[in-house]
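Enquirer: Quick one: sequence plus predicted model below, questions after.
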Amino acid sequence: MNWNLLTCAFRDHVSYAPDEPAVAARLSTTTAAGPAWQCLRCGTFVPGPPVAAGPAATAPPVRRDGELRSALILRIFAVERFLRGVIFGVIAFGIWRFKYSRSSIEQAFDREYPEFRDLLHGLGYNINSSGGLVGLIRHTFTLDQRTLTWLAIGAAAYTVLEFVEAIALWLLKRWGEYFAMVATSAGIPYEIYELADKVTVLRAVAFAINVALVVYLVVSKRLFGARGGKRAYDARLRSESIMQAAIAAARGTPATGADPAKAGADPAKAGADPAKAGADPAKAGADPAKADADPAKAGEAPGAGQAIPRRK
């Protein structure tokens, strides 16, 4: 799948006109529809004026190839973190309300429980033995005010943490990637403890998601020096940049780690390379040492069409 073309299909092209003539010449061309500028994301030449202009060094960074796929994955994790925050926010609010309405809630539970139990029993669901749900509810009625306060504070703090983590992942900032990785890693030991105590589907799924996020961030974003660290990560981004490839070509120096297949079409490369197309004078000229005919061999091996003298 070409993520560059797919993204440009749903969003506008990103064309840029550098102030430097040599760089601008490599990012523009002339078509039947008029001047066209190369999209810095998909590499297509788009007729019409560029979206922006200015010095080449201030061109907007454009995500390409694997970075687009990575952005989608991180934002999926961001949505999952946001949903977690909403759930724990509701839990924190419920605990806080329960703290001040314990008596009325307990009376309502005792009053409605028999009918609710009979309804679920008629549907084949035994609420008394379904993971201790009733026992858990009754246990909450025995908690003191201080315990409920700490539970509400803990749930609220976790809600804030999940919202910050969701925002950090959604913004696709490097500090956000570090924050999400550290925050997620901090909860993994407790999740392992819970799984050792009792394995449930919810705990196993939550643990798998958190481990997957940590591994993905460390490996793909090269956090904490993994796979060369930030220097290798930035070098890979430069190698995929069409603007960096154009700047390097204008300077006559190869782009660091540039991949021509990923850098997009370069109009200057469409023409013949004079250095390769022209003949090498050193090789084109005859070698005097080899060009001189050997008299001894010249008579023995006459060329085609050469008359052979008759002996008298």
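Expert: Arrived safely.

Enquirer: which residues in the stretch 51-200 of the chain form strands?
Expert: Along the stretch 51-200 of the chain, the stretches classed as strands by DSSP state E, counting those that start in this stretch are 52-54.

Enquirer: For it, which residues score under the pLDDT cut-off?
Expert: 105-106, 108-110, 112-113, 116-117, 119-139, 141 (pLDDT under 70).

Enquirer: show me where it has helices.
Expert: Secondary structure of the stretch 51-200 of the chain (DSSP state H, counting those that start in this stretch): helices at 66-100, 102-122, 133-140, 145-171, 174-197.

Enquirer: Show me the one of those that comes nearest R227.
Expert: helix 66-100 (13.1 Å; Cβ to Cβ). In this view, the C-beta of every residue, glycine as well, is placed from N, C-alpha and C.

Enquirer: And the closest one, what does it pack against?
Expert: helix 3-10, helix 145-171, helix 174-197, helix 201-220 (3 or more Cβ pairs under 8 Å, 6 or more residues apart in numbering; DSSP states H and E).

Enquirer: Just tell me which of the helices of the stretch 51-200 of the chain ends up closest to G48.
Expert: helix 66-100 (23.5 Å).

Enquirer: hmm, back to that, export the helices and strands packed on helix 66-100 as a markdown table, with columns for distance to A36 and mean neighbour count.
Expert: Below are these laid out as a markdown table (distance: least, Cβ to Cβ, whole Å; neighbours: other Cβ atoms under 10 Å):
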| stretch | distance to A36 | mean neighbour count |
| --- | --- | --- |
| helix 3-10 | 14 | 15 |
| helix 145-171 | 33 | 17 |
| helix 174-197 | 34 | 15 |
| helix 201-220 | 34 | 15 |
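
Enquirer: Save those as JSON lines, and put in distance to R81 too.
Expert: Shown next, in JSON lines, are the helices and strands packed on helix 66-100 (distance: least, Cβ to Cβ, whole Å):
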{"stretch": "helix 3-10", "distance to R81": "23"}
{"stretch": "helix 145-171", "distance to R81": "4"}
{"stretch": "helix 174-197", "distance to R81": "8"}
{"stretch": "helix 201-220", "distance to R81": "9"}
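
Enquirer: Out of the ones you listed, flag the one nearest L68.
Expert: helix 3-10 (4.0 Å).

Enquirer: What is the subsequent helix or strand relative to the closest one?
Expert: Proceeding N to C from helix 3-10, the next assigned helix or strand is strand 16-18, under DSSP states H and E.

Enquirer: Now tell me what touches that following strand from outside.
Expert: Contact partners of strand 16-18, identified using Cβ atoms under 8 Å, 6 or more residues apart in numbering, comprise 24, 27-28, 37, 40, 49-56, 59-60, 243, 246.

Enquirer: So for G252, which of the helices and strands packed on helix 66-100 sits nearest?
Expert: The nearest among the helices and strands packed on helix 66-100, by Cβ to Cβ, is helix 3-10 at 26.8 Å.

Enquirer: Redo the helices of the stretch 51-200 of the chain as a markdown table? Include distance to A33.
Expert: Conversion of the helices of the stretch 51-200 of the chain to a markdown table gives the following (distance: least, Cβ to Cβ, whole Å):
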| stretch | distance to A33 |
| --- | --- |
| helix 66-100 | 28 |
| helix 102-122 | 69 |
| helix 133-140 | 68 |
| helix 145-171 | 37 |
| helix 174-197 | 40 |
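
Enquirer: among those helices, which is nearest R222?
Expert: Nearest of the helices of the stretch 51-200 of the chain (Cβ to Cβ): helix 174-197, 9.9 Å.

Enquirer: Quick one: closest of the helices of the stretch 51-200 of the chain to R11.
Expert: Per Cβ to Cβ, nearest to R11 of the helices of the stretch 51-200 of the chain: helix 66-100, 10.5 Å.

Enquirer: so what's T7 up against?
Expert: Going by Cβ under 8 Å, 6+ apart, the list of residues near T7 reads R41, C42, L68.

Enquirer: Understood, closing this out.
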